[in-house]
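Asks: Have a look at this fold, sequence not included:
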């Protein structure tokens, strides 16, 4: 058995992956809150942004954490198409979950369906990403620990969607995002505890790309996307702010029209 190190760079990768998961959760929750207050194409666009933010945050969390994964006795490479597929799966399945909540008539039923779908999507992304690993040896999993990690993913996703439906305050959303970041990180490292590797030393070249050749640049790019999206969401007016602005504009126009009308009225005198 090869010795597995899940934090080859110390606390750097666990801490950074937690930050990315929390940012993705915060953006997803804020966008879902905006979506529920919107209608028409605006609701759809906010839900799409929520799905991309949560999916990107979870994927980035996973692979930033994987930068610290090391197995004694073998190099680790990644199958590029499978790795990209895991990102697409994360976005698509998370999207299905948030759309179920965003458009569901029965909120309770939508929450259960959305949480289950999103949680299974998060778990699928994780294990699809693990399937992309290429090393000299065989990877095996403990079924009980795998089941526990999937259960954590479903509970975490359901809690996140519940927060989106019930929590409106920015401070409460921030707290919920930190909790969600911890839940997603717990799911990842629980899943990693299920892994064992039987190393078969070899001088043959491994297929695929190393983490620094592929995972690191992609994670940096997706992390930049999250920060840009965060700035966009922070600067976009909320529904209440738009309503207040429209009301102020209406009152201003009404007052101006009244002044113009008053100026046209001729005084009546003896």
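Replies: Nice, thanks for sending it over. What you see is a predicted model, and the numbers here were worked out from it, not measured in a lab.
Asks: When you work out contacts or count neighbours from here on, use the C-alpha atoms and nothing else.
Replies: Will do.
Asks: Run through the residues that contact the residue nearest the centre of the chain.
Replies: The residue lying closest to the centre of the chain (CA atoms, centre = their mean) is residue 54, at 1.4 Å. Residues counted as contacts of residue 54 (CA atoms under 8 Å, 6 or more residues apart in numbering) are 21, 24-25, 27-28, 91, 94.
Asks: Give me the nearest residue to it, chain neighbours excluded.
Replies: In space, and not counting its chain neighbours, residue 54 is closest to residue 24: 4.7 Å by CA to CA, 6 or more residues apart in numbering.
Asks: That neighbour falls within a strand, correct?
Replies: No. Counting by DSSP: H, G, I helix; E, B strand; the rest coil, residue 24 is not part of a strand but helix.
Asks: Tell me which helix or strand the residue nearest to residue 210 when sequence neighbours are not counted sits in.
Replies: Using CA to CA, 6+ apart and skipping residues adjacent in sequence, the residue nearest residue 210 is residue 77, 4.5 Å away. Using DSSP states H and E, residue 77 sits in strand 76-78.
Asks: Tell me the strands beside that strand, with direction?
Replies: Its sheet considered, strand 76-78 pairs with strand 133-135 (antiparallel), strand 209-210 (antiparallel) by DSSP bridges.
Asks: can you give me the helices in the protein?
Replies: For the chain, the helices defined by DSSP state H cover 12-36, 40-66, 80-103, 107-131, 143-166, 170-193, 216-235, 239-264.
Asks: so where's the stretch 151-270 of the chain shaky on pLDDT?
Replies: 234-270 (pLDDT under 70).
Asks: what sits against residue 9?
Replies: Here residue 9 is in contact with residue 68 (CA under 8 Å, 6+ apart).
Asks: Now it. Its backbone dihedrals?
Replies: Backbone geometry at residue 9, expressed as degrees, to the nearest 10, gives phi -110, psi 30.
Asks: And for residue 79?
Replies: Here is the backbone geometry of residue 79 (degrees, to the nearest 10): phi -70, psi 120.
Asks: Residue 211 versus that one, what's the distance?
Replies: From residue 79 over to residue 211 the distance is 10 Å, taken as CA to CA, to the nearest Å.
Asks: And for residue 94?
Replies: Using CA to CA, residue 94 is found at 25 Å from residue 211.
Asks: between those two, who's got more neighbours?
Replies: residue 94 (30 against 19; other CA atoms under 10 Å).
Asks: give the contact list for the residue nearest to residue 179 when sequence neighbours are not counted.
Replies: Nearest non-adjacent residue to residue 179, counting by CA to CA, 6+ apart: residue 22, 7.9 Å away. Going by CA under 8 Å, 6+ apart, residue 22 touches 57, 177-182.
Asks: Could you do residue 69 as well?
Replies: Residues counted as contacts of residue 69 (CA under 8 Å, 6+ apart) are 4-8.
Asks: so which of those is the most crowded?
Replies: When neighbours are counted by other CA under 10 Å, residue 6 leads the contacts of residue 69 with 20 neighbours.
Asks: surely that one meets residue 64?
Replies: No. Counting by CA atoms under 8 Å, residue 6 sits too far from residue 64 to count as a contact (11.2 Å).
Asks: my guess is the residue nearest to residue 210 meets residue 133, correct?
Replies: Yes. Residue 77 lies in contact with residue 133 (CA under 8 Å); the separation is 5.9 Å.
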